[in-house]
Every structure is written in C-alpha cells, then in structure tokens.
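In: Quick check, what structure comes out for this input:
(one chain, ligands or ions: 1)
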Amino acid sequence: MSLLPPLNPPLTKWFNQRVWIIGATRGIGAAVARVLVARNARLCLSGRVLSGLQEWHDTLTTEQKTHTTLTELDIRDPQGIQKTAQELFLAWGGIDLILVVAGIYDGLCAPDLTPDQMPLIEDTLQTNLLGSYRVLAAVLPLLRQQRYGHLAFVSSVAGYNGLPRALAYAPSKAALNNLCEGLYFELRPLGIGISRICPGFVATDMTSHADYFMPALMQPEQAAQEILAGLERGDFEIHFPKRFTTLLKIAQWLPRRLYFYLLGRAVARSSAQGAFG
Ligand SMILES: NC(=O)c1ccc[n+]([C@@H]2O[C@H](COP(=O)([O-])OP(=O)(O)OC[C@H]3O[C@@H](n4cnc5c(N)ncnc54)[C@H](OP(=O)(O)O)[C@@H]3O)[C@@H](O)[C@H]2O)c1
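Out: Okay, the predicted model is just below:
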C-alpha cells in the first residue's frame, strides 16, 4: 500500500462502464472480458477471429448480450480502428476505458536475423507498437473532447531489459513502455488516465509452444484479476507476478556487465533443463 496518491483516477466501479478491449478474442484479453461481463460493464470486444468468443457470447444472458458487442478488427488496419472508435463514441456517448491487449510474439534470435525475417519483424512492430499508435490516433481527439477516460496498454516485462530470442518482440514492448510514460505526462493534465501493464509469463496460446522454462507462470484469469485490481487502484504501472517482475525491474538498474553475467547464467540453467532450444 502506498502513502502517495494514485497516479490515475482509480476505476472504482465497473457497472455500466463503457470498455473497449482490443485483442479480446483469446488469452489475457478474453479473461478480462469475462470478468467485466460478470461485473455488468458495457463492452466492445475486438480481434481478428471472433469465433473463439462467439460460443461464450451465446451463453450470456439477454441483458449481458445487449451490453457486449463483438467487432472484427485488425489493429494493423487504421480505417477499421477509426470506424469502430467513432461508432462506439456515437453509440455509447463516450468511453471510459480502452484496453489495448493485442500482441504477437516472435522468438527471433540473432542467427536467424536475415532478410527473410523482415516480414516477421515488421508484423511484430506493426501489431505490438504501431497498432497502439493507430488506436491513439483514432481515440485521442475523442477523449480530449470528453476530457475523461482511461487508456491502458498491455506491454510486457520483456520491455524492461534486452533479452535473447525476442529480438523483435522485446524492443516493441520497450518502445511501448516508453510511449506510455510520455503519454502519461501529457495526457493526465487533460483528464485522461494512462496505464501500462507488464505481465510476466501467462499460460496462453502465446506461450503454449515455449521450449524454455517460464518462472512464476500464471493463468490468464489471475492476470485479469491483477489488471483490474491495478486499474481499480489507479496504478500507472501494473506488473505481476511481483516475485518475478520485481527481479526484472531491479535488473534495469544493474550495470550491464553484471546484467549480462546474470542473464548468461539464467540462460545456461534453462539450457541445462532442456530449455532455450
Ligand atoms: N502470455 C504471456 O506470457 C504474456 C506476457 C507478457 C505480455 N503479454 C502480452 O499480453 C497480450 C496478450 O497476449 P496473450 O498471452 O493473451 O496472447 P494470445 O492468447 O495469443 O492472444 C493475443 C490476442 O491479441 C489479438 N491479436 C493479435 N494480433 C492482432 C491484430 N493484428 N489485431 C487485433 N488483435 C490481434 C488476438 O486476437 P486475434 O488473433 O483474434 O486477432 C488475441 O485476442 C500481448 O500484447 C502480449 O504481448 C503476454
């Protein structure tokens, strides 16, 4: 518990709150959506493939269904984002929270970094970083007009320090972490809240093929609870599980000589356990 005031206005109630989740069809985004439906929020759930959500949507009560819209959307498509944003603002008369969860992981390592890999690198940056800019470009004029609302971006602890085997993913998240700080400074005075969310390892499709050891692995439902609790506290940075993420935060302060030494030991230990390929 902190003695200092929260950096954002706490989102203390979810009833009737108007929430747009981009990247809600699976994993962490879908888990947050399920909790918010139970708390009677009004939701727009976006992603490219809605089939994963449709079955669950069919099981909702009539009232929950009328409060939960599924919208096919690719975060790489600026027109699609702008259209959905404008339709939502019109239909809802405003918006309380935009949660950007959409992301892809690449697993790129240096020996594979050849011209053939450029499409993968571009796709990672388009989705994980430029997608957030596209959302901002579409919603900021509307949020500035209403002078309230909260933007939350799911980034990653992979953005804290340079990491092997994530040579497109980790830099995309590092840039997103940095972007959130700049946004916070400029948008808070305008009444708009900003949070960056940095999970450790979560058991989703993204990590299902990982061939390395994932310390402190969480379930998406636990991640959803952590995200919502952080928003309810008004946190700027929401990171979890603390026993893992705190170590990575401390690593940001280490001299690089020591960081590379410790990273080397961690990689070697993982390899000995049959991980890291
Ligand atoms: N799992 C972890 O260990 C972990 C750790 C730290 C951070 N994160 C971050 O958490 C976020 C969610 O990851 P997850 O673990 O839940 O992965 P996931 O299960 O693979 O889900 C990814 C979500 O992003 C959506 N998405 C991907 N590309 C998209 C696009 N071009 N346009 C719109 N939506 C798109 C997917 O929907 P469609 O495929 O239907 O479009 C899906 O809903 C990501 O930003 C990830 O980097 C995950």
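In: Flag every residue of the stretch 1-150 of the chain that's near the ligand.
Out: 23-29, 47-49, 73-76, 101-104, 127 (C-beta under 6 Å from any ligand atom). To be clear about C-beta, it is placed using only N, CA and C from the backbone, and glycine gets the same treatment.
In: so what's residue 61 up against?
Out: Listed by C-beta atoms under 8 Å, 6 or more residues apart in numbering, the contact set of residue 61 is empty.
In: count of residues packed around the closest residue to the ligand within the stretch 101-250 of the chain?
Out: Of all residues in the stretch 101-250 of the chain, residue 103 sits closest to the ligand, at 2.2 Å by C-beta to the nearest ligand atom. If you count neighbours by other C-beta atoms under 10 Å, residue 103 ends up with 25.
In: swap in residue 40?
Out: Residue 40 is flanked by 15 other residues according to other C-beta under 10 Å.
In: Just say helix, strand or coil for it.
Out: Look at residue 40: counting by DSSP: H, G, I helix; E, B strand; the rest coil, its state is coil.
In: shift numbering so it begins at 539
Out: Yes, from this point I'll number from 539; that puts the last item at residue 578.
In: For it, which non-adjacent residue is spatially closest?
Out: residue 553 (4.8 Å; C-beta to C-beta, 6 or more residues apart in numbering).
In: Equivalent analysis for residue 711, please.
Out: Using C-beta to C-beta, 6+ apart, the closest residue to residue 711 is residue 697 (3.2 Å).
In: can I assume that neighbour is in contact with residue 736?
Out: Yes: counting by C-beta atoms under 8 Å, residue 736 is a contact partner of residue 697 at 7.0 Å.
In: which neighbours do those two share?
Out: residue 715.
In: what kind of secondary structure is residue 582 in?
Out: For residue 582, the assignment made with three-state DSSP gives strand.
In: Would you double-check that residue 703 falls in a helix?
Out: No: using three-state DSSP, the assignment for residue 703 is coil, not a helix.
In: Tally up the residues packed near the closest residue to residue 546 other than its chain neighbours, please.
Out: Nearest non-adjacent residue to residue 546, counting by C-beta to C-beta, 6+ apart: residue 731, 3.7 Å away. Close neighbours of residue 731, defined as other C-beta under 10 Å, add up to 25.
In: pretty sure residue 731 is touching residue 688, no?
Out: Yes: if you go by C-beta under 8 Å, residue 731 and residue 688 touch, sitting 3.8 Å apart.
In: Please enumerate the shared neighbours of the two.
Out: With C-beta under 8 Å, 6+ apart as the test, residue 731 and residue 688 both reach 546, 547, 549.
In: Spit out the contact partners of the second one.
Out: Going back to what we said before, that points to residue 547. 688, 731, 772.
In: Restricting to C-alpha, output the longest helix that the chain contains in CSV.
Out: Criterion DSSP state H: the longest helix present in the chain is helix 707-725. Provided in CSV are the C-alpha atoms of helix 707-725 (Å, rounded to 0.1, in the frame of the first residue of the first chain):
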residue,chain,number,x,y,z
TYR,A,707,9.1,-8.6,-29.5
ALA,A,708,11.2,-7.2,-26.6
PRO,A,709,12.1,-3.9,-28.5
SER,A,710,8.4,-3.5,-29.5
LYS,A,711,7.4,-3.7,-25.8
ALA,A,712,10.3,-1.5,-24.7
ALA,A,713,9.1,1.2,-27.0
LEU,A,714,5.5,0.8,-25.8
ASN,A,715,6.7,1.1,-22.2
ASN,A,716,8.5,4.4,-23.1
LEU,A,717,5.5,5.6,-25.1
CYS,A,718,3.2,5.2,-22.1
GLU,A,719,5.4,7.4,-19.9
GLY,A,720,5.4,10.2,-22.4
LEU,A,721,1.6,9.9,-22.8
TYR,A,722,1.1,9.9,-19.1
PHE,A,723,2.9,13.2,-18.7
GLU,A,724,1.0,14.9,-21.4
LEU,A,725,-2.5,13.4,-21.0
